[in-house]
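>>> Sequence first, predicted coordinates after that:
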Amino acid sequence: MTKRWETYKEALLHGDWQVHTTWSDGKNTIAEYCHEARRKGLRLIAFTEHVRRELRYDFWAYMQEVEEARQQFPDLILLAGCEAKVLNRQGDLDATPEVLAKSDIVLGAFHSFAEPEHYIEALEAMLSNPWVDSWAHPTLYAHKRGITLTDAQEERLVRLCMDQHVLVEFNGKYNLPSPTLRQKVHTLGAAYVYGSDAHSAPELGRRL
């Protein structure tokens, strides 16, 4: 199995892999983030706008703006992607197939989820979903709901990410995943990236 992010292996740890702009709920434009990336010496920005199956903005216009920024900032690697929440135990995402297919990178995330007792089942299904490239703010939902993962569960999740070629995001906004889960990522050799979860340009590049 090959995932889209593998094209950019050389920039895995030299970019910001979760950024939100004015197209969804961010405060700065694509160009403003690009100027900030240059100032901070980042090589890659993954724009990952929030999506739903019924969008309130023009996703194709957003992708076109990223393409225009690529021409304006040829020294940067710019990805036009999305962050989609899990809908059910089957790991389905709240995004249309067209959006998932066109995105350079897809972040799978848990926001609201109606069946906390089935969280682990749904999480494993999400990580096995072929559309998912990266696990956004890992275990944030569990942290908020007081769900504690065992060592065995953490190891299984990391190994599943490795088997499915899913990136583990080290999220700077929420300081997740936990130190024990991060250690398993390092020990087992799973691929990981830094995601600031930026909603404004000054937050770009924020790390754990």
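That came through fine. Residues are numbered from 1 along each chain as shown.
>>> ok, longest strand in this structure?
In the chain, with assignment by DSSP state E, the single longest strand is strand 77-85.
>>> center of the protein, which residue is that?
L107 (3.6 Å; C-alpha atoms, centre = their mean).
>>> Let me know whether it touches W5 as I believe.
No - contact criterion C-beta atoms under 8 Å: L107 and W5 do not qualify, at 10.5 Å. Every C-beta, even on glycine, is put in place using the N, C-alpha and C of the backbone.
>>> joint contacts of these two?
Residues within reach of L107 and of W5 at once, by C-beta atoms under 8 Å, 6 or more residues apart in numbering, are D133, S134.
>>> per-residue confidence at L204?
At L204, the pLDDT value in this model is 98.
>>> Report the contact partners of it.
Applying C-beta under 8 Å, 6+ apart, the residues contacting L204 are D16, V19, Y33, E36, A37, K40, L42, I45, S196, A198.
>>> Return the members of those residues classed as buried.
D16, V19, Y33, E36, A37, L42, I45, S196, A198 (16 or more other C-beta atoms under 10 Å).
>>> Using CSV, write out every CA atom in the helix or strand that the longest strand of the chain is followed by.
Helices and strands here follow DSSP states H and E; after strand 77-85, the next one along the chain is helix 97-102. Only the C-alpha atoms of helix 97-102 are listed here, as CSV (Å, rounded to 0.1, in the frame of the first residue of the first chain):
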residue,chain,number,x,y,z
PRO,A,97,-15.7,10.7,-2.2
GLU,A,98,-14.9,13.5,-4.6
VAL,A,99,-13.2,15.6,-1.9
LEU,A,100,-11.3,12.7,-0.5
ALA,A,101,-10.1,11.7,-3.9
LYS,A,102,-8.9,15.2,-4.8
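>>> Next, the buried residues of helix 97-102.
Buried-residue list, helix 97-102, by 16+ other C-beta under 10 Å: V99, L100.
>>> any idea which helix or strand comes after that helix?
strand 106-109.
>>> Give the other helices and strands that that following strand contacts.
strand 77-85, strand 134-135 (3 or more C-beta pairs under 8 Å, 6 or more residues apart in numbering; DSSP states H and E).
>>> 10 Å instead, please
If you count contacts as 3 or more C-beta pairs under 10 Å, 6 or more residues apart in numbering; DSSP states H and E, strand 106-109 packs onto strand 15-19, strand 44-50, strand 77-85, helix 119-128, strand 134-135, strand 167-171.
>>> Now, the contacts of L204 that are in helices?
Y33, E36, A37, K40 (DSSP state H).
>>> Just send the helices and strands packed on strand 106-109 back as CSV, with distance to T187 too.
Putting the helices and strands packed on strand 106-109 into CSV (distance: least, C-beta to C-beta, whole Å) gives the following:
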stretch, distance to T187
strand 15-19, 21
strand 44-50, 26
strand 77-85, 27
helix 119-128, 18
strand 134-135, 17
strand 167-171, 12
